[in-house]
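Participant: coordinates only, no sequence provided:
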């Protein structure tokens, strides 16, 4: 399984197989898409049974109004386990008796995606720790790994200076029985882009 995170800062899509936890042998291919405007949408080539039905007698089934929803859908996409919560079918296409048979199609929206694990419900306790990375969280926390020095002999800047990276002690707070730790990782040596679009080399 890949350990690279799925980036939900940008629009993206991940193709894989999906199934209802109670029916693990019925896997349906499909693509999970995320956009900042529409959220999470799963498009299946095939369907899960969303019709609400009652078996009246052997061979006789009555279908009722409304659609079935699912608390959880499991998936495997891009070498990752994925759990979708709050799944509601919103659109689909079924064909009956067509001259050319093609797969049915189903579109499902999801409230939340859990990447990296299959769980049975949102209330299931499966993690002892979680790591979250947030851009500019260090600014919000008032800490930084960067330290700068600008040369100003005699009180007049001469254009010299240094920028260095220094270790910063992690800050810890306990709340509701859990430890929350604000820690810095050393910055990656990557090209930095300013807001003006000009590229700068990595700082040392």
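Facilitator: Right, received. Where do you want to start? Here the structure is a predicted model, which means the values were calculated and not measured.
Participant: quick check: domain ranges of the protein?
Facilitator: 12-115, 137-200 (automatic domain parsing).
Participant: direction included, what does the host helix or strand of residue 86 pair up with?
Facilitator: Using DSSP states H and E, residue 86 sits in strand 80-93. Under the criterion DSSP bridges, strand 80-93 sits next to strand 70-77 (antiparallel), strand 105-110 (antiparallel), strand 112-115 (antiparallel) in its sheet.
Participant: residues touching that strand, excluding its own?
Facilitator: 1-2, 6, 14, 16, 18, 32, 40, 42, 47-48, 50, 67-76, 104-119, 122 (Cβ atoms under 8 Å, 6 or more residues apart in numbering). Where C-beta positions appear, they are placed from N, C-alpha and C, glycine not excepted.
Participant: hey, where'd the helices end up in the chain?
Facilitator: Secondary structure of the chain by DSSP state H: the helices cover 137-141.
Participant: quick one: low-confidence parts of it?
Facilitator: The chain contains residues with pLDDT under 70 at 1-9, 51-57, 59-66, 92, 94-100, 128, 131-146, 166, 184-204.
Participant: tally up the residues packed near the closest residue to residue 148 other than its chain neighbours, please.
Facilitator: Residue nearest to residue 148 in three dimensions, not counting chain neighbours: residue 163, with 5.0 Å by Cβ to Cβ, 6 or more residues apart in numbering. Neighbour count of residue 163, defined by other Cβ atoms under 10 Å: 11.
Participant: of the strands paired with strand 80-93, which is nearest residue 10?
Facilitator: When the strands paired with strand 80-93 are compared by Cβ to Cβ, strand 112-115 sits nearest residue 10, at 14.7 Å.
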